[in-house]
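A.B. asks: Sequence first, predicted model second:
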Amino acid sequence: MTQPSTPLALTFVASDRPEAEAARLRLSERYGSVPVAEADVIVALGGDGFMLETLHNNLQLRTPVYGMNRGSVGFLMNDYEDDGLLQRIAEADRTVIHPLQMDAWTESGEVHSGLAINEVSLLRQTRQTAKLRVSINDKVRLEELSCDGCMVATPAGSTAYNLSAHGPIIPLDAPSLALTPISAFRPRRWRGALLSHTARVRFEVLEADKRPVSATADNFEVRRVTRVDVRERRDISLTMLFDAGRSFEERVMAEQFAS
């Protein structure tokens, strides 16, 4: 962002952590806070989970979000400082992300839809392994995947659950999605795939009555699913702001060389 000709109108939102709420009160008094519908920028105070929550809450307005870490992880957040906030926001790099659409069918025939900024994941609900049939663009690619689960991750989410499941880190400007198994049993050597961002992924749950599976779009969960379709929503653009020189792309690059 460049220096604005008029002062930025900010709104401050905070997680329920005491230090985040204290920061919200302090910064609101210092910089002023307008209703969210009137804000040029939303300043989110918390951790990565709260950043995702703020982005989800902002799906209609799509106001740029500048996060400051008052939580634990903070990969999606900027460092916290009281001073120079307006200048930092004015000079910040913009990162545009697109969520995934999840459509999940349950045993009762109901369809539940949700959006995921990080990933859509399927997980076994019992001690029994899940058995999934995986199709890409209407072509079956895995007739039977026995696993604890499987996920489709966005570039923004590739450093989260996807990375913990040994999936690939995807540069934010790469037009790709990660298809990553969670503790695959058969095929044992299958480690997932990189897909085009235009790919349409379908999971069909085999033996759903014996091996129940849940589906989650970020923090929205649907239990006992029989089929889940996943695709990117390119028509929805969400903007995160990062301090100059500390862009999301730089963080992703640094993560790949972390020891």
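C.D. replies: Good, I have the coordinates. Just so it is clear, the model here is predicted, and its values are computed rather than measured.
A.B. asks: Isn't Arg231 up against Ser113?
C.D. replies: No. The criterion here is Cβ atoms under 8 Å, and Arg231 misses it with Ser113 at 11.2 Å. All C-beta spots, glycine's among them, are computed from the backbone N, C-alpha and C.
A.B. asks: tell me, what's touching the two both at once?
C.D. replies: Shared contacts of Arg231 and Ser113, defined by Cβ atoms under 8 Å, 6 or more residues apart in numbering, comprise Gln101.
A.B. asks: The two - which one has more neighbours?
C.D. replies: Arg231 (19 against 12; other Cβ atoms under 10 Å).
A.B. asks: where along this protein do the helices fall?
C.D. replies: Taking DSSP state H as the test, the helices found in the chain are 18-31, 48-57, 85-90, 161-164, 248-256.
A.B. asks: Of the ones you listed, which is nearest Ala215?
C.D. replies: Each of those has some distance to Ala215 by Cβ to Cβ; the shortest is helix 161-164, at 13.7 Å.
A.B. asks: Average pLDDT for the closest one, rounded please.
C.D. replies: In this model, helix 161-164 carries a mean pLDDT of 93.
A.B. asks: re the thing from before, and the helices of the chain as TSV, adding distance to Gln125 and mean neighbour count?
C.D. replies: TSV is the format used below for the helices of the chain (distance: least, Cβ to Cβ, whole Å; neighbours: other Cβ atoms under 10 Å):
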stretch	distance to Gln125	mean neighbour count
helix 18-31	33	15
helix 48-57	23	20
helix 85-90	43	17
helix 161-164	17	18
helix 248-256	31	15
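A.B. asks: Make CSV from the ones you listed and add distance to Lys210 to it.
C.D. replies: Converted to CSV, the helices of the chain look like this (distance: least, Cβ to Cβ, whole Å):
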stretch, distance to Lys210
helix 18-31, 44
helix 48-57, 33
helix 85-90, 53
helix 161-164, 26
helix 248-256, 39
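A.B. asks: Ala193: which of the ones you listed is closest?
C.D. replies: helix 161-164 (12.3 Å).
A.B. asks: distance between that closest one and the chain's centre?
C.D. replies: Averaging C-alpha positions (Cα atoms, centre = their mean, to the nearest Å) puts helix 161-164 11 Å from its chain's average.
A.B. asks: excluding its backbone neighbours, what's nearest the residue nearest in space to the middle of the chain?
C.D. replies: In the chain, the residue lying closest to the centroid (Cα atoms, centre = their mean) is Asn118, at 2.0 Å. Among residues not flanking Asn118 along the chain, Gly157 sits closest, at 3.0 Å (Cβ to Cβ, 6 or more residues apart in numbering).
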